[in-house]
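In: I'll drop the sequence and a predicted model, then ask my questions.
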Amino acid sequence: MADVDRLFDEFAAAYVRGDQPDLVAFVRRAGEDGDELARLIDVFLRVAPTPEPREDDVAVMHARLQGEPGLLALRRRRARRVDEVVADLAERLEVDDVPRLKRYYQRLEGGVLDPRPVDERVWDALRELFATNVRAIIRPLTTPSGDSAMAYYRRGGEPTPELALPSAAPRTELHERLVLSSDTGPPERDELDRLFLGDD
Amino acid sequence: MTDDDARDAHLLETGRFDRLLAKYHLVILARCIKGTRITDDGQDVAQDVEFRLFREFQAGKRYPGIPFRVIVHQVVKWTIQDHFQGRPTDVPLPEGWEAGGGEFADQAVDRIWIGELVDQLPEVEREACTLVYLQGVSPEQAAALLGTTRNNIDQRLFHARKRLREMINGDG
């Protein structure tokens, strides 16, 4: 239970500072005590004053409500081209195969790569690059049936080629590329694959 | 209505749904994770809640006189029920809502209940809790304000959390 106390304090301190702490990461860090931590945090959030959101968070929410990936919106807000981000990421992760890294990054940015197995080093690099907690804003795109890419991944399948933006949002060239390039990775994984797909 | 409720109402009337939902994102996510008891499902349900609120309010749905924070909790509750009963979560929200009773009263009771729990803490623990958790004062600043040490504040918070957890679990 000591870990739950420590994690709760850490979460509460970040929240009252006006940060958007990564709730999912906190609950996962609590392991078997995740339920207990979630319950404490829920009670806390019902009584603590709700801070005004940061402009980054508003921009990410705006994008998501329009059916656009949050990380894409954040990158545009930072006025960074994808090649710049990938070059920076390659340097931080010491990756030589930049074209393949770019494909992984674009899938992650587009919400069509399951974020759960992505290595901590990638999240750390992205946090430094964007000066915010990127993991907390990654969400899957939704399918026409209302299912999410994340739900599809949880069923153990490959992302459906029907992955589509909500009808209100135009299908972009980026989206087409992301869907077409989605796969579960090569049969034998090298270090770069493991950074984004995990060890399985 | 509090000042915060009035600010929310203004955002709602001016169509700033992105700002409003960004503000309540963590509240919604925490409720959904607690309600589903599964982190992944909680994330999916939270997304459903946000889209549902966005669609409905953009289309003009309003619940006059009810603070947005209360509506959020009610829509989370409806959406979790739909989720567990296998019903679609993209159906329109009910038109009417009995603001003087029912779930609205439950929310008010919740807030009173939580306030009462905090009030039941011994004074030294209540002071520390209020300063650090509710007013955002750092433990170091709380120590200075209360004329004690950082270690003592940590101890007070530790005992307060333990007591609150027992009270919450006891009331089930």
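Out: Arrived safely, thanks for sending. Worth saying up front: this structure is predicted, and the values here are computed from it rather than measured.
In: which sections of the chain are below the confidence cut-off?
Out: Because you didn't say which chain, this covers chain A. A:1-2, A:140-187 (pLDDT under 70).
In: nope, chain B
Out: Filtered on pLDDT under 70, chain B yields the residue ranges B:96-115, B:136, B:168-172.
In: Can you list the residue ranges for helices in it?
Out: Listed in chain order, the helices of chain B (DSSP state H) span B:3-13, B:17-36, B:39-58, B:68-84, B:102-119, B:123-129, B:139-146, B:150-171.
In: can the second one be found next to chain A?
Out: What that stands for is helix B:17-36. Yes. Under the criterion of CB under 8 Å from any CB of the partner chain, chain A is reached by helix B:17-36 at B:17-19, B:21-27, B:29-31, B:33-34. From N, CA and C alone the C-beta is placed, and that goes for glycine too.
In: of all the helices of chain B, which gets the most neighbours per residue?
Out: Per residue and on average, the most neighbours among the helices of chain B fall to helix B:17-36, with a mean of 24 (mean count of other CB atoms under 10 Å in any protein chain shown).
In: Next, the angle helix B:3-13 makes with that helix.
Out: For helix B:17-36 and helix B:3-13, the angle between their directions (axes from the mean of the first three to the mean of the last three CA atoms, to 10 degrees) works out to 120 degrees.
In: How about the spatially most central residue of chain B, nearest residue that isn't a chain neighbour?
Out: Among the residues of chain B, the one closest to the centroid is residue B:27, at 5.2 Å (CA atoms, centre = their mean). With CB to CB, 6 or more residues apart in numbering or on different chains as the criterion, residue B:27 has its nearest non-adjacent residue at 4.9 Å, and that residue is residue A:45.
In: does residue A:133 belong to a helix or a strand, and which?
Out: Per DSSP states H and E, residue A:133 falls between elements, in no helix or strand.
In: need the contact list for it.
Out: With contact taken as CB atoms under 8 Å, 6 or more residues apart in numbering or on different chains, residue A:133 is in contact with A:19, A:20, A:21, A:22, A:127.
In: Of the helices of chain B, give the one that comes closest to residue A:77.
Out: Comparison of those against residue A:77 by CB to CB identifies helix B:17-36 as nearest, at 13.0 Å.
In: The closest one packs against which elements?
Out: Contacts of helix B:17-36 with other secondary structure elements, assessed using 3 or more CB pairs under 8 Å, 6 or more residues apart in numbering or on different chains; DSSP states H and E, are made with helix A:23-29, helix A:34-47, helix A:55-65, helix B:3-13, helix B:39-58, helix B:68-84.
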